[in-house]
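Q: Build me a model:
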Amino acid sequence: MKKTVTILLASLLTVIVGCASYEPLVSMRGADVAAPDKAPAPTKYMGARPGTQPTVARTYAQQPPVIPHAVDNFDEVTLTENQCMDCHGPDNYVKKNSPKLGDSHFVAATKAFDASRHVCTSCHVPQADAPALVENRFIGNIK
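A: Down below sits the predicted model:
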């Protein structure tokens, strides 16, 4: 037991002394690991107003389409009030010349709007004109 403890303490002391000569840990971004992450600068949405920007192409078949306009000035989306439906709902999409709400947003049997899918930005995100944070070589399967 004494020999095991002695070897363990000697190993620990070697590690401690050896670590003292190393440089402090630095993240891949070049900042000190203990420093808080710096928030990226705010970016503008691609289209300031709905209908002023072309739709963004999807990269795979079941991808929820991105929103090509700003939504920060929209009212809060609730079960009773949803500004997205004003343009994309089945009653208005033709008049507003906007993409129609997908069939997956409706209850199949009654064709009524599915209230469990009323928070649009849980799947659909506004498209911002921002540089990529990391390199991305993803190639979609839509041709």
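
Q: which residue sits closest to the residue nearest the centre of the chain in space, ignoring its chain neighbours?
A: Nearest residue to the geometric centre of the chain (CA atoms, centre = their mean): residue 125, 7.1 Å. Using CB to CB, 6 or more residues apart in numbering and skipping the chain neighbours, the partner closest in space to residue 125 is residue 66 (5.7 Å). (C-beta placed from N, C-alpha, C; glycine too.)

Q: measure that neighbour to residue 128 for me?
A: Residue 66 sits 9 Å away from residue 128, going by CB to CB, to the nearest Å.

Q: And these two? Which one has more around it.
A: Per other CB atoms under 10 Å, whichever of residue 66 and residue 128 has more neighbours is residue 66, with 15 against 12.

Q: quick one, what contacts that one?
A: 56, 124-127 (CB atoms under 8 Å, 6 or more residues apart in numbering).

Q: Can you tell me the element residue 14 falls in?
A: Taking DSSP states H and E as the criterion, residue 14 maps to helix 2-19.

Q: Buried residues in whatever helix or strand comes next after that helix, which are they?
A: Of the helices and strands lying after helix 2-19 in sequence (DSSP H and E), the nearest is helix 83-88. For helix 83-88, the buried set under the neighbour-count rule, 16 or more other CB atoms under 10 Å, comprises 84-85, 87-88.
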